[in-house]
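In: Okay, sequence plus prediction incoming.
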2 protein chains.
Amino acid sequence: MIDETHPVYALILAGGAGTRFWPASRAARPKQMLALLGGDPLLLETARRVLPLCGRDGAGWSRLLVASGEHLAEPTASLLPELPRENLLIEPVARNTAPCIGWAAATVARRDPDAVLMVLPSDHHIADTDRFRAALERAATSARGGAITTIGIQPTCPETGYGYIEVKGEAASAGGTLAVQRFVEKPHRALAEEFVASGRYLWNAGMFFFRARDMLAALAKHQPALAEGLCRLDRAAASGGEAEELAQIFPALPSISIDKGVMEHLSDLAVVPGDFGWNDIGSWQSAWELADKDPLGNAAPPGTVLVDARNNHVVDLRQGSGGRRVIALAGVEDLVVVETEDALLIVPRARAQDVKEIVEQLKTRGDTGLI
Amino acid sequence: MIDETHPVYALILAGGAGTRFWPASRAARPKQMLALLGGDPLLLETARRVLPLCGRDGAGWSRLLVASGEHLAEPTASLLPELPRENLLIEPVARNTAPCIGWAAATVARRDPDAVLMVLPSDHHIADTDRFRAALERAATSARGGAITTIGIQPTCPETGYGYIEVKGEAASAGGTLAVQRFVEKPHRALAEEFVASGRYLWNAGMFFFRARDMLAALAKHQPALAEGLCRLDRAAASGGEAEELAQIFPALPSISIDKGVMEHLSDLAVVPGDFGWNDIGSWQSAWELADKDPLGNAAPPGTVLVDARNNHVVDLRQGSGGRRVIALAGVEDLVVVETEDALLIVPRARAQDVKEIVEQLKTRGDTGLI
């Protein structure tokens, strides 16, 4: 994989916001900054997973780009102290994924237009790192040959919360590189069942692989306004004035996803089927399923007192609280309990989506510091 | 009521421990020290209720005695700063109620053997203070006439958690002073139903009224060993050496309740039926029933965010937490949620007795600081 002539770069998309994990997640501490499953924050784990593909012995940091928003610049830099500051792409405003990926492609192209760039979400869970890296290597190899490539996840159930990728031909088994027939939006249940039964559909996990030059060409063809803006930005960067131009140019770029803006227009998109225990941790339900649990199904920090409590998920994100505070649950089931310094949430796991309503109430009453 | 010749004294029994309200209640902060229903701590509310009966214009404090244990001496004194220090009867060890009441009777008798002493629990709720005081005045008047007197609560349901008092004659309606037939231990359900249906039974609420001399005589007759110990203590007190003798004598006194030790032996006990909205707040269920609730049945501090939450009881005893911390409940019902500085409890109200098991677990693992 490591090609010293045309090395591999990675762009981790770490600008995500979202309130699904409130009060754990906040505007200034979104999901990718959290150690939702214990261990380290998801962004840091993502960086560690891809770094060996970008360079040996820590050299990977120089080829790792991280994109995020202004309000996350400081916490992101703190979380990744080895990341060179110029590799942190701070979007002045959120413009969806296409402008950001285009900006990263232009940035990499200035160093080496033939370099391969891997684009990865920052907040997913990967159970099998070795198989994950093998799939990334296969996709990067495909990209090095000139094909814009994605990874499609082998579906394990008729999930209606994901987009699907249909492959050309009969079946999408792991181990090869296939041609994409089309991208499909989140389907309804019956359609999702058909997709899974057919064996010809994969989940779209938002991972993309391409040579920098190929993405810039695709943008020029399918998103000319965006490409034109990126050219201006690139000229400014080449003359050392990128920072000044960014605030002018970026907000004017069209806000569009890379899926809609580029991928859906490509007739020669390639896909590598992946089967490495992928989970986007889209809800407390997923987080509980992935978490370590006791024999009664409770995922809780050490020291939690549990009396006839089953299948609960206790998350304690308070800092510096020492060892003397105790959380005790008796006779309750299927609850999510989240404690932070400034909030306590109690909700049945199956109703965790009601958290949105809580956040709305806090907004309405002006408690913006809690959001 | 206020008789300047033979005034009325009150003894508030405030030595209670108990873990039913953990983590709100602790060894060093038992139920009577808590503002379980909002407002002020129950002991302070009890003192305020009886003070006007002991003397006008704040003079009542000199005739108020409060009995408690050594570990509660400081918090009790802090809660009642106007209480003269010598009126705080600190039991070196818990010996149930008879020794403590006898000690108080001897203490009052040294000032005036004909003075009436009212003995009252410290941790009950009284809805109607005026009717409560009227009942106390009637009981004190009965006591002034030489009859050891109790107050019996008109039962509102066949409660199996209380002892009962059977009256002589046909019915125990409020407004008079009746003769007691017998004390009855906590009955089983069917018996409790019979009791209530008969109209001849009242709840024993642990309130007793007597002249100091009458209690000392009753103890001499029915608990001679206890009376002998109290005599030694009295002699030491008369010569200014009570404190030294207390540690010697008190632990050797028989540990027995005033009910079993005295009341059950009396053939001429009087009872005043009371109907003033009494509740011993024996459980979180009672506390919730008595608490102010929103239209969906939630008793919660202002600022709590509630989304489709019903009949929950949120108690926040954290101190100095400022206004920015929020407790949010969504989609849950019938929970008790108690937050203190060092603990969080979540339990269905109907299973609040499971708290005992939590306390046992904390003991077992050596977390005695949390008990």
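Out: Thanks, I have the structure now.
In: So residue A:180 is in contact with residue A:167, correct?
Out: Yes - between residue A:180 and residue A:167 a contact is recorded at 6.3 Å, counting by C-beta atoms under 8 Å. Placement of C-beta: from N, CA and C, glycine included.
In: any shared contact partners between these two?
Out: In terms of C-beta atoms under 8 Å, 6 or more residues apart in numbering or on different chains, residue A:180 and residue A:167 are both contacted by the residues residue A:271.
In: Okay, residue A:311 and chain B: tell me how far apart.
Out: Per C-beta to the nearest C-beta, to the nearest Å, residue A:311 is found 14 Å from chain B.
In: Surely that residue and residue A:298 touch.
Out: Yes - in this structure, residue A:311 is within contact of residue A:298 by C-beta under 8 Å, at 6.7 Å.
In: quick one, which of the two is more surrounded?
Out: residue A:298 (22 against 16; other C-beta atoms under 10 Å in any protein chain shown).
In: which residues does the residue nearest to the more buried one when sequence neighbours are not counted contact?
Out: Leaving out its chain neighbours, the residue that sits closest to residue A:298 by C-beta to C-beta, 6 or more residues apart in numbering or on different chains is residue A:312, at 4.9 Å. By C-beta under 8 Å, 6+ apart, the contact list for residue A:312 reads A:297-300, A:306, A:329, A:332-337.
In: Just the ones of those residues in strands?
Out: A:306, A:329, A:335-337 (DSSP state E).
In: Give me the three-state assignment for the closest residue in space to residue A:95 that isn't next to it in sequence.
Out: Excluding its sequence neighbours, the residue lying closest to residue A:95 (C-beta to C-beta, 6+ apart) is residue A:255, at 4.4 Å. Assigned with DSSP: H, G, I helix; E, B strand; the rest coil, residue A:255 falls in the coil class.
In: Average pLDDT for stretch A:121-128, rounded please.
Out: Stretch A:121-128 shows a mean pLDDT of 96.
In: just stretch A:361-371 next, same as before
Out: For stretch A:361-371, the per-residue pLDDT averages 88.
In: where's the closest residue in space to residue A:333 that isn't next to it in sequence relative to residue A:288, distance?
Out: Leaving aside its sequence neighbours, residue A:333 sits nearest to residue A:310 (C-beta to C-beta, 6+ apart; 4.7 Å). Residue A:310 is 12 Å from residue A:288, where distance means C-beta to C-beta, to the nearest Å.
In: Please apply the same query to residue A:342.
Out: From residue A:342 to residue A:288 the distance is 23 Å (C-beta to C-beta).
In: Who has more neighbours out of those two?
Out: Comparing residue A:342 with residue A:288 by other C-beta under 10 Å, the one with more neighbours is residue A:288, at 21 against 16.
In: Show me what the helix or strand where residue A:12 lies pairs with in its sheet, parallel or antiparallel.
Out: Element membership for residue A:12 (DSSP states H and E) is strand A:8-13. Here strand A:8-13 is paired, per DSSP bridges, with strand A:64-69 (parallel), strand A:116-121 (parallel).
In: For the stretch 251-371 of chain A, what lies in contact range of chain B?
Out: Residues of the stretch 251-371 of chain A lying near chain B by C-beta under 8 Å from any C-beta of the partner chain: A:305, A:307-308, A:324-332, A:335, A:337, A:339, A:341-348, A:351, A:354-355, A:357-358, A:361-362, A:367, A:369-370.
In: can you do 7 Å?
Out: Neighbours of chain B within the stretch 251-371 of chain A, by C-beta under 7 Å from any C-beta of the partner chain: A:305, A:307-308, A:324-332, A:337, A:339, A:342-348, A:351, A:354-355, A:357-358, A:361-362, A:367, A:369-370.
In: Buried among the residues you listed? Need that as a selection in PyMOL.
Out: Buried residues within those, by 16 or more other C-beta atoms under 10 Å in any protein chain shown, are selected in PyMOL with:
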select buried, chain A and resi 305+307+325+326+327+328+329+330+331+332+337+339+342+343+344+345+346+347+348+351+354+355+357+358+361+362+367+370
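In: Show the end-to-end separation of stretch A:86-103, please.
Out: 13 Å (C-alpha to C-alpha, to the nearest Å).
In: can you pull the buried residues of that stretch?
Out: A:87-91, A:94-103.
In: Then stretch A:275-293?
Out: Buried, per 16+ other C-beta under 10 Å, within stretch A:275-293: A:275-276, A:278-288, A:290-291.
In: from the residues you listed, which two are the most distant?
Out: A:275 and A:284 (25.1 Å; C-beta to C-beta).
In: and residue A:352, what pLDDT?
Out: Reading off the model, residue A:352 has pLDDT 89.
In: now do residue A:172
Out: 60.
In: Next, count neighbours for the nearest residue to residue A:277 once chain neighbours are set aside.
Out: Setting aside the residues directly before and after it, residue A:277 is nearest to residue A:127 in space (C-beta to C-beta, 6+ apart), at 2.4 Å. Per other C-beta under 10 Å, the neighbour tally for residue A:127 reads 11.
In: One more: the one 4 residues further on?
Out: Counted by other C-beta under 10 Å, the residues lying close to residue A:131 total 16.
In: For the closest residue to it other than its chain neighbours, which residues are in contact?
Out: Among residues not flanking residue A:131 along the chain, residue A:276 sits closest, at 3.8 Å (C-beta to C-beta, 6+ apart). Listed by C-beta atoms under 7 Å, 6 or more residues apart in numbering or on different chains, the contact set of residue A:276 reads A:126-128, A:131-132, A:135.
In: Phi and psi next, for residue A:264.
Out: Main-chain dihedrals, residue A:264, degrees, to the nearest 10: phi -70, psi -20.
In: now it: how far from chain B?
Out: From residue A:264 over to chain B the distance is 37 Å, taken as C-beta to the nearest C-beta.
In: Would you mind measuring from that residue to residue A:30?
Out: Taking C-beta to C-beta, one finds residue A:264 at 27 Å from residue A:30.
In: So between those two, which is more surrounded?
Out: residue A:30 (27 against 16).
In: ok, the more buried one touching residue A:17?
Out: Yes - the pair residue A:30 / residue A:17 is scored as a contact, 5.2 Å apart, by C-beta atoms under 7 Å.
In: Tell me the secondary structure at residue A:240.
Out: Strictly by three-state DSSP, residue A:240 counts as coil.
In: Identify each buried residue in stretch A:63-78, please.
Out: A:63-69, A:72-73, A:75-76.
In: Can you tell me which of those is closest to residue B:224?
Out: Distances from residue B:224 to these, taken by C-beta to C-beta, are shortest for residue A:75, at 75.8 Å.
In: Quick check on the closest one: phi, psi?
Out: phi -60, psi -30.
In: contacting residues for it?
Out: A:28-29, A:33.
In: Among the residues you listed, the buried ones, what's the PyMOL command?
Out: The following PyMOL line selects those of the contacts of residue A:75 that are buried, judged by 16+ other C-beta under 10 Å:
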select buried, chain A and resi 29+33
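In: could the contacts of residue A:75 go into CSV alongside distance to residue A:111 and secondary structure?
Out: What follows is these, written out as CSV (distance: C-beta to C-beta, whole Å; DSSP: H, G, I helix; E, B strand; the rest coil):
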residue, distance to residue A:111, secondary structure
A:28, 32, coil
A:29, 32, strand
A:33, 28, helix
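In: Listing request: residues of chain A with sub-threshold pLDDT.
Out: A:1-5, A:171-175, A:320-324 (pLDDT under 70).
In: okay, which residue is most central for it?
Out: residue A:121 (2.1 Å; C-alpha atoms, centre = their mean).
In: Which residues are in contact with it?
Out: A:13, A:206.
In: just residue A:237 next, same as before
Out: residue A:110.
In: Going along the chain from the helix or strand encompassing it, find the next helix or strand for me.
Out: Take DSSP H and E as the rule and residue A:237 turns out to sit in helix A:224-238. Sequence order places helix A:242-249 as the next helix or strand after helix A:224-238, per DSSP H and E.
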